[in-house]
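>>> How does the following fold in three dimensions:
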Amino acid sequence: MVSESVKLFISYSHRDEPLRQQLDKHLAPLKGQKVIEAWHDRQIQAGMNWADQIDNNLKQADIILLLVSPDFVVSNYCFNIELKEAMKRHENGEAIVVPVILEPCDWSWLPFSKLQAFPKDAKAIATWENKNEAFLDVAKGIRKVAQDLFKQRQQKLEEKKAAREQYLKKVEEALSDGKISIAERDSLDDLREELKLTQEEAEEIESRAFEPLKKYQDNLKKYEKTFRKYIQSEYPLSDRSKKDLELRQRDLGIKTEDVGQIEQPILAEAEAKYQKKLKQEEAEKKRKQKAEAEQQKQLEQDAQKTAPESKKSPSSLQLFEFEVVTVKIQTKWMGLGSEITLDRRSSKAQYFTENLGNGVTLDMVAIPGGKFLMGTEDEEIERLVKKFNKDWFRFEKPQHYVTVESFFMGKFPVTQAQWKAIANLPKVYLDLAPNPSNFKGDKRPVQMVSWYDAVEFCKRLSIVTGKEYRLPSEAQWEYACRARTTTPFHFGETITSELANYRGSQTYASEPKGEYRQQTTDVGKFSPNAFGLYDMHGNVWEWCTDDWHENYQNAPNDGKPWLSESSSIKVIRGGSWSFNPDFCRSASRYGSTRGYRIHYIGFRVIRVASRTT
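You can find the predicted model right below:
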């Protein structure tokens, strides 16, 4: 903080004490108005080292008054010590030297001879008929010098403040992803030099910028600790516990997407333990399954009797056209970086439409059968593990060939309008909330639905249409997503936020950072893949039929669901609006407990192809 008063040092000969005292009287208003803080050696108290006091005050002064007289000129201390230091500071721009001519003498040969002197015309005060007028002229001159100096100070302070704010803003931009990269560090160093900030100033600003991030990371750890306590005390969590955790999240200021990433592995572990307990109820469960199967058969028979004829007969296939986008990374001239280009081409696919009533329809796209290489090769997996410092890429091995028969798949993830239409039909096993999503919109994908909810949706849809609908197998999902591509994304080697809804503030390859929308978007907003399927990358994770397995060892090669007797975790595919781009790759796989409902998981349906469609 810059002091409002300007520090004034008076260098004089003690033989000129009377004139110095008269000057003091005329400077008194300036001191009273806090324009200046005047100092001279008569202020040195008993017991103080007088040489140190003079040296310290001389080096701290903003204005140095030289009270020039014959006695000043011949004073060894004034001339050889005070004058020398004063002129040195003046020449370095650290202080302003102002000569005040007290008595006539030859000072034209002295170092300050070229400086503007007081009083007016450098006429010695002793020669003025009215000395008070002379001293008043000196006081006015000092006032102006002090005020100009104060303005310069204020201007420098504002410039320094603006420089610090500019640097802080750049640091905060660099920290948007939680760390400062090598390139961002070099840019910050360039900016620091341009703004003329010291290394210490830059470090203090960066420490201030890091503080909210550090606090947020500490709060994430606090929330995880609290969540673990609740899971240890009860599982599944009661509604009261969930509300308590929502309050804890709010108090700590944690984003919902970060809460999901904290809870997911803890819930998976808790669910596994919970399943051990459920094994004791297995016999009763099998008995109930038999009764439910009989009930399901009866419901289907009843539904067929009442269903309209148009829903009993298969729909005819139609053709639709769309544009396929491919991302290409091109190296610039002489290898100086790279740039992203988009190639566009027209394509066609077949589909049929299910009428769900009240103007709501469900488009099912024909997916031709074929053989593809599922998963990711070992060398690429290890590259990704090293680049992103995450082990979950190893879930995608070993790479293996799978043959998939033709089927129909939803053109989009199931929307909220489609969900509501089916949720209002009679239940099979479970009640379905008609509006479960927290990001509302008829054209947005439904979310906050568990795997059980998605299965119930498929059962009701099967009954009302008279056709078998279900969730895709994991192999069917990846085959449909790739659409005969072998690149990380069906778009190509990378992805941008212009092509999909994901955490666009993070990057996968050399693409620029994009938009992080922090919510779902309407289905069909972005370009489809070559099969005509939309939103396969991002927006919402999609439930699959398969049980979770840590890798593809002993996985089926016929495209059918891979099930196990004891798993409580189901596969989810596609990434979501809140996840980084590496989660959105065609081969990326993750798992979630069957009963888990969260704002980033939805689903889409498939139907096995038949000769009549």
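>>> Just name the shakiest helix or strand of this structure by mean pLDDT.
The weakest-scoring helix or strand in the chain, judged by mean pLDDT, DSSP states H and E, is helix 309-312 (a mean of 36).
>>> Where does pLDDT dip in this structure?
Under the criterion of pLDDT under 70, the regions of the chain flagged as low confidence span 1-3, 281-315, 331-338, 610-613.
>>> By residue count, tell me the biggest helix in it.
As far as residue count goes, and with DSSP state H defining each element, the longest helix of the chain is helix 131-174.
>>> Show me what counts as buried in whichever helix or strand comes after it.
Scanning the chain past helix 131-174 towards its C-terminal end, the next helix or strand to appear is helix 182-195 (assignment: DSSP states H and E). Applying a neighbour-count criterion of 16 or more other Cβ atoms under 10 Å, one finds 184, 188, 191, 192, 195 buried in helix 182-195. Just so you know, the C-beta spots here come from the backbone N, C-alpha and C atoms, and that holds for glycine as well.
>>> any idea which of those residues is the one closest to residue 120?
Checking these against residue 120 with Cβ to Cβ, the nearest one is residue 195 at 42.3 Å.
>>> The closest one contacts residue 168, doesn't it?
No: at 10.9 Å, residue 195 and residue 168 do not qualify as touching, with contact defined as Cβ atoms under 8 Å.
>>> residues contacting residue 381?
The contact partners of residue 381, by Cβ atoms under 8 Å, 6 or more residues apart in numbering, come to 393, 394, 396, 397.
>>> Which secondary structure elements does whichever helix or strand residue 372 is part of sit against?
Following DSSP H and E, one finds residue 372 within strand 370-374. Strand 370-374 makes packing contacts with strand 400-404, helix 474-482 when contacts are defined by 3 or more Cβ pairs under 8 Å, 6 or more residues apart in numbering; DSSP states H and E.
>>> In the sheet, which strands lie alongside the first one, parallel or antiparallel?
Read that as strand 400-404. Using DSSP bridges, the strands paired with strand 400-404 are strand 370-374 (antiparallel).
>>> Keeping just the C-alphas, turn the helix or strand following the strand it pairs with into PDB.
Moving toward the C-terminus from strand 370-374, the next helix or strand (DSSP H and E) is helix 378-388. Extracted as PDB, the C-alpha positions of helix 378-388 are listed here (Å, rounded to 0.1, in the frame of the first residue of the first chain):
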ATOM      1  CA  ASP A 378      -2.200 -53.700 -26.000                       C
ATOM      2  CA  GLU A 379       0.300 -51.100 -27.300                       C
ATOM      3  CA  GLU A 380      -2.300 -48.400 -27.600                       C
ATOM      4  CA  ILE A 381      -3.700 -49.300 -24.100                       C
ATOM      5  CA  GLU A 382      -0.200 -48.800 -22.500                       C
ATOM      6  CA  ARG A 383       0.200 -45.500 -24.400                       C
ATOM      7  CA  LEU A 384      -3.100 -44.300 -23.000                       C
ATOM      8  CA  VAL A 385      -2.300 -45.500 -19.500                       C
ATOM      9  CA  LYS A 386       1.000 -43.600 -19.600                       C
ATOM     10  CA  LYS A 387      -0.600 -40.400 -21.100                       C
ATOM     11  CA  PHE A 388      -3.600 -40.100 -18.800                       C
END
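>>> and the buried residues of helix 182-195 as a markdown table, adding distance to residue 327?
As requested, the buried residues of helix 182-195 are arranged in a markdown table below (distance: Cβ to Cβ, whole Å):
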| residue | distance to residue 327 |
| --- | --- |
| 184 | 24 |
| 188 | 30 |
| 191 | 32 |
| 192 | 36 |
| 195 | 37 |
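>>> Name the nearest of those residues relative to residue 563.
Using Cβ to Cβ, residue 184 is the member of these that sits closest to residue 563, with 47.1 Å.
>>> Not counting its neighbours along the chain, what's nearest the closest one?
When the adjacent residues along the chain are set aside, residue 184 lies closest to residue 174, with 4.1 Å between them (Cβ to Cβ, 6 or more residues apart in numbering).
>>> How many residues are close by the one you found?
Residues within reach of residue 174, counting by other Cβ atoms under 10 Å, total 19.
>>> of all the buried residues of helix 182-195, which comes closest to residue 35?
The nearest one, if we look at those relative to residue 35 and count by Cβ to Cβ, is residue 195, at 31.0 Å.
>>> Report the contact partners of the closest one.
Residue 195 is in contact with 163, 166, 167, counting by Cβ under 8 Å, 6+ apart.
>>> are any of these buried, and which?
Under a neighbour-count criterion of 16+ other Cβ under 10 Å, the subset of those counted as buried comprises 163, 167.
>>> Buried residues in the helix or strand encompassing residue 250, which are they?
For residue 250, the enclosing helix or strand under DSSP H and E is helix 239-252. Neighbour counts over helix 239-252 (16+ other Cβ under 10 Å) mark 241, 245, 248, 249, 252 as buried.
>>> Show me what the helix or strand following that helix is in contact with.
Toward the C-terminal end, the helix or strand that comes next after helix 239-252 (DSSP H and E) is helix 256-278. Where contact means Cβ under 8 Å, 6+ apart, the residues beyond helix 256-278 that reach it are 220, 223-224, 227-228, 231, 235-236, 249, 285, 518, 566-569, 578-579, 591-596, 598-600.
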